[in-house]
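1. Sequence and predicted structure, then a few things I'm wondering about:
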Amino acid sequence: MFGLPELIVIFYLVAIAFWIAGIVVAIRIKEKKALYILLAVLSLPVLMFLNKGVSIFLIKSQIVSTFKSSVIAFAISTVVICALQISIFFYMKKIKNRTFQTEGDKK
């Protein structure tokens with residue numbers, strides 16, 4: 001039986017897998033390569049940094065006051081990070097497919 005901490009770890013592993021896949025897709029994009037590689041590489045660290053900032057804000061402003069509520073807030077933010085990382089990956093795939101289609105049209 002999985003508990004909440006194990007579920008959080010699974011979501012972070014999924015986010016890391018999509019982060020690595022996004023970097024690989026960004027390397028294969030032909031146009032504006034540096035911009036997309038920078039977006040792919042910095043996406044997960046920036047999301048984690050924002051998550052930490054929001055968590056600190058919630059604790060300092062007494063919105064999250066108990067340990068149970070802080071764990072639930074952390075779990076929700078982990079799911080949001082995972083969802084954003086997956087959406088960034090699919091955005092990179094869309095850009096890569098669009099650049100390959102325009103290359104085919106030019107030939």
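-> In hand now; what should we look at?
2. Let me see the confidence value for the residue nearest to the spatial centre of the chain.
-> The central residue of the chain, meaning the one whose C-alpha is nearest the mean C-alpha position (CA atoms, centre = their mean), is Gln85 at 2.4 Å. pLDDT for Gln85: 92.
3. again with Thr102
-> 67.
4. all helices for this protein, in order.
-> For the chain, helices defined by DSSP state H occupy the ranges 4-28, 33-60, 67-106.
5. Residue ranges in the protein under the pLDDT threshold?
-> For the chain, the stretches with pLDDT under 70 are 1-2, 100-107.
6. can you tell me how far Phe57 sits from Ser77?
-> Noted for Phe57: a distance of 12 Å to Ser77, by CB to CB, to the nearest Å. In short, each C-beta sits where N, CA and C put it, glycine included.
7. so what's in contact with the two at the same time?
-> Shared contacts of Phe57 and Ser77 (CB atoms under 8 Å, 6 or more residues apart in numbering): none.
8. out of those two, which sits in the more crowded spot?
-> Shown here are Phe57 and Ser77; by other CB atoms under 10 Å, Ser77 has more neighbours (20 against 11).
9. okay, now the closest residue to Ala26 other than its chain neighbours: neighbour count?
-> Among residues not flanking Ala26 along the chain, Ala40 sits closest, at 3.8 Å (CB to CB, 6 or more residues apart in numbering). By other CB under 10 Å, the residues close to Ala40 number 23.
10. Next, the contact list for Ala40, please.
-> Listed by CB under 8 Å, 6+ apart, the contact partners of Ala40 are 19, 22-23, 25-26, 88, 92.
11. With that, I have no additional questions.
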